[in-house]
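Participant: give me a 3D structure for the following:
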Amino acid sequence: MKYRISICILLCLAILASGQAAAQGTYGTKVQAGDPDVGLPLSTFAPLVPPIPLPQSQFNAYVSYWDLNSNNVYDAQDVAYLQFGSSNAPFQSFVQANNIRLTGWGIYPAGSYVKAIDSDMSKPLILQPPALPSSASTTVSFYYLDATAGAGYDLGDPVYLKVQSPGPAINGVGTNDIRITANAGFPAGSIVSLNDPDAARPLTLFKLIPIPFLIQAQGGPFVASARLPVAQLAFFNANGNTDVIGTPIYDDGDVVYFDIAPGAVATPIVSPNDIRLF
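Facilitator: The predicted structure follows:
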C-alpha cells in the first residue's frame with residue numbers, strides 16, 4: 001500500500017510539473033516518456049501454488065457489478081469491478097480485497113482498490129453478460145476509439161470497457177460503457193450516456209481475450225496475461241512476495257497496468273502508452 005501511495009505522489013508531482021490538469025488522478029492516465037514509473041518490472045497474473053489460500057489462480061479476470069438498485073440489469077447506478085482470482089461460484093461472487101473499482105461509488109473513486117475495511121467489501125456481485133446480440137466482436141472487453149486515425153492503437157486513442165450496449169451503437173461506444181481513459185470532456189471511470197459526444201463512435205477490439213465465447217459468455221473469465229501482440233493486464237509486484245515456486249502474488253500494495261505491446265519484450269516493463277489502472 002505504501003508503494004502504491006508513493007507512485008501516486010510521484011505521478012501527481014510529474015503531472016503538476018508538466019503543466020497538465022492538477023486535479024487529475026492517476027487512474028486511466030497513459031504512461032508518458034520520462035514518467036517516474038517507466039521501467040518498473042511488471043508481473044503477469046498466473047496460477048498460484050498451495051499453500052496459497054483459495055482461490056489459487058489469479059490468471060483469470062472478471063468484469064462484475066454490484067447491482068445497487070437491485071433491478072438485475074447493469075446500468076448507470078451500479079458499480080463495476082475488475083476482479084482477479086475470483087470465479088462465478090458460491091462464496092466467491094462478492095467484492096473482495098484488491099478488486100479494482102472501474103467506476104466510482106460514494107467516497108471511493110474510480111480506480112481505487114478495495115480494502116478490507118471498505119463499506120462495499122463483501123457486497124454481492126453479478127458477472128456482466130456480453131452485449132446483445134452475442135458475438136465475438138461485442139463481448140465484454142477493452143476497446144479503443146481510433147481518434148487519431150493512425151495505424152492501429154496509439155497514444156492519442158481513448159480506451160473503453162465495452163459492456164452491455166443494445167441498440168444501434170452496439171459496434172461502437174454504447175450507453176453504460178465505461179471510459180478507461182478520459183475522453184470527450186469526461187474523466188476515466190465515467191459511464192457513457194446516450195447523448196454524450198463520444199456515444200456511437202466506432203470502436204476497435206484489443207486482442208486481449210483469446211478465450212472461446214463459451215467461456216467468455218458471462219463476463220469472464222478471460223485470461224489477464226495473454227502476452228498477445230496488443231495488450232495484457234499485468235501488475236507491479238511492489239512488495240515482491242511470491243508463492244513457493246517464485247510466482248509473483250497480486251495482493252495489497254500492488255498496482256495494475258493495461259500493458260500495451262507486451263509481446264515486444266521478453267520481460268514486460270512499464271513503458272509509454274501503458275495505462276494505469278490505479
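Participant: partners of the host helix or strand of Phe235, with directions?
Facilitator: Per DSSP states H and E: Phe235 is located in strand 231-236. Strand 231-236 has the following strand partners under DSSP bridges: strand 43-44 (antiparallel), strand 255-260 (antiparallel).
Participant: mean neighbour count for those strands - can I get that in a markdown table?
Facilitator: In this view, the C-beta of every residue, glycine as well, is placed from N, C-alpha and C. What follows is the strands paired with strand 231-236, written out as a markdown table (neighbours: other CB atoms under 10 Å):
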| stretch | mean neighbour count |
| --- | --- |
| strand 43-44 | 21 |
| strand 255-260 | 24 |
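Participant: I'd like these as a markdown table, with distance to Ala147 and mean pLDDT appended.
Facilitator: As requested, the strands paired with strand 231-236 are exported to a markdown table (distance: least, CB to CB, whole Å; pLDDT from 0 to 100):
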| stretch | distance to Ala147 | mean pLDDT |
| --- | --- | --- |
| strand 43-44 | 29 | 90 |
| strand 255-260 | 16 | 93 |
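Participant: can you classify Gln83 by secondary structure?
Facilitator: strand (DSSP: H, G, I helix; E, B strand; the rest coil).
Participant: what's the spacing between Thr249 and Leu48?
Facilitator: Quick fix: residue 249 is Ile, not Thr. Ile249 sits 6 Å away from Leu48, going by CB to CB, to the nearest Å.
Participant: now the common contact residues for the two.
Facilitator: Gln58, Asp243 (CB atoms under 8 Å, 6 or more residues apart in numbering).
Participant: what about these two, which has more around it?
Facilitator: The neighbour comparison of Ile249 against Leu48 (other CB atoms under 10 Å) goes to Leu48, with 23 against 19.
Participant: these two touch, right, the more buried one and Pro248?
Facilitator: No: counting by CB atoms under 8 Å, Leu48 stays clear of Pro248, with 9.3 Å between them.
Participant: any idea how far Tyr153 is from Pro248?
Facilitator: Relative to Tyr153, and taking CB to CB, Pro248 is found at 26 Å.
Participant: among the two, which residue is more densely surrounded?
Facilitator: Between Pro248 and Tyr153, counting by other CB under 10 Å, Pro248 is the more crowded of the two (23 against 20).
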